[in-house]
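Asker: A predicted structure for the sequence below; I have some questions about it.
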Amino acid sequence: MLTEVSARVVAVLAARPTAVRAAGRAASLPPTKGYFVSRPWSRVGVRSASVGLLVAGLIGGVYLGKDRVVPAPQQHSEASNVVQVDVDDMQLLKERQAQHAAARAYQREAEGDAAAKAATEAKAAADKAHDLETKAIAAKKAAATAAAQKKASSSGSSGGPVAYNGPIPDSCNDFSGARKTGCALMLSAGFKIDQFPCLDKLFARESGWNYKATNSSSGAFGIPQALPGDKMAKFGSDWRTNPATQIKWGLDYIENRYSTPCGAWSHSQSTGWY
């Protein structure tokens, strides 16, 4: 459409000088001279031609640029997109790092809890094992004591030691129990009363004057710690429960080996045994 308008404007502008020339020729030119154009009309024609050329140029420029697309600032848009992508990637990287850090912290906490739980369980197991071991040792010791007592006691008497019914000299009344019996038997065996302090200390060290005393390592038994205990059967079959039978054997052993109770005590002090 712009082409048609341009053509029409050009045609009109081109036709105007011809019409002007024709009118001028008919009105003012003499017949013997050729064509003549007055100055006013010449100026009008030049101006019209200039205007026409200007309009034609404008129309042509519009026509040439009507289908042309002005390029967008692509580089700026692409740069903006790149920057945005970098920002998004950085944000995603930070989020992933935060997630990994949280996961590592959780794992360390879980491992710490597991280690603490394992340590607690191990300690509980060790304590339980120690308790069981202690109970087993106590039970074994109790069984050994019971077996020794059973062995020491006679089959017919389990109510305590056989009571001594022999004479007790006045010099022995200061003592009691097996010590009183030992004092009386020592005097009866022919030793003087001044020997009793030595006999008292000797039997106190050996057994504490306990007729059931048993040495678990050697097997020695009774007040004089006879080894083995059945040696004392020489003075009575009740040697397991009768303190008098045990003391009689002990005094006989001392006399045959050390002569006196003080001799036996002196040897015991220097060696630890008699």
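Answerer: Alright, I've got the coordinates.
Asker: so how far is residue 109 from residue 225?
Answerer: 66 Å (CB to CB, to the nearest Å). C-beta: built from backbone N, CA, C; applies to glycine.
Asker: Who has more neighbours out of these two?
Answerer: residue 225 (22 against 10; other CB atoms under 10 Å).
Asker: That one against residue 215, yeah?
Answerer: Yes - counting by CB atoms under 8 Å, residue 225 does reach residue 215; the two are 6.4 Å apart.
Asker: What is the top helix by length along the chain packed up against?
Answerer: Assignment by DSSP state H gives helix 74-152 as the longest helix of the chain. If contacts are counted by 3 or more CB pairs under 8 Å, 6 or more residues apart in numbering; DSSP states H and E, helix 74-152 sits against no helix or strand.
Asker: Quick one: mean pLDDT for that helix?
Answerer: For helix 74-152, mean pLDDT is 79.
Asker: which parts of stretch 169-189 are buried?
Answerer: For stretch 169-189, the neighbour count (16 or more other CB atoms under 10 Å) marks 172, 175, 178, 179, 180, 181, 182, 183, 184, 185, 186, 187 as buried.
Asker: Surely the first one and residue 183 touch.
Answerer: Yes - taking contacts as CB under 8 Å, residue 172 lies within contact range of residue 183: 3.6 Å.
Asker: so what sits against both of those two?
Answerer: residue 196 (CB atoms under 8 Å, 6 or more residues apart in numbering).
Asker: residue contacts, the closest residue to residue 232 other than its chain neighbours?
Answerer: Once flanking residues are discounted, residue 232 sits nearest to residue 239: 3.7 Å by CB to CB, 6 or more residues apart in numbering. By CB under 8 Å, 6+ apart, the contact list for residue 239 reads 222, 229, 230, 232, 233, 245, 246, 249.
Asker: what's around the last one, how many residues?
Answerer: Put plainly, it is residue 249. 22.
Asker: What strand or helix carries it?
Answerer: Following DSSP states H and E, one finds residue 249 within helix 243-258.
Asker: Distance check, the residue nearest to residue 232 against residue 136.
Answerer: Taking CB to CB, one finds residue 239 at 33 Å from residue 136.
Asker: Same check on residue 232?
Answerer: 34 Å.
Asker: okay, those two: which has more neighbours?
Answerer: The neighbour comparison of residue 232 against residue 136 (other CB under 10 Å) goes to residue 232, with 26 against 10.
Asker: Isn't the more buried one up against residue 222?
Answerer: Yes - contact criterion CB under 8 Å: residue 232 and residue 222 qualify, at 6.2 Å.
Asker: got any residues that touch both of these two?
Answerer: Common neighbours of residue 232 and residue 222 (CB under 8 Å, 6+ apart) are 239, 246, 249.
Asker: Which member of these is positioned nearest residue 89?
Answerer: residue 246 (101.0 Å; CB to CB).
Asker: Mind pulling the model confidence for the closest one?
Answerer: 98.
Asker: That one and residue 226 touch, don't they?
Answerer: Yes - between residue 246 and residue 226 there is a contact at 7.3 Å, judged by CB under 8 Å.
Asker: Can you work out which residues contact both of the two?
Answerer: Joint contacts of residue 246 and residue 226 (CB under 8 Å, 6+ apart) are residue 232.
Asker: Between the two, which is the more surrounded one?
Answerer: residue 246 (32 against 21).
Asker: what about that one, distance to residue 266?
Answerer: Taking CB to CB, one finds residue 246 at 22 Å from residue 266.
Asker: And residue 141, by the same measure?
Answerer: Taking CB to CB, one finds residue 141 at 35 Å from residue 266.
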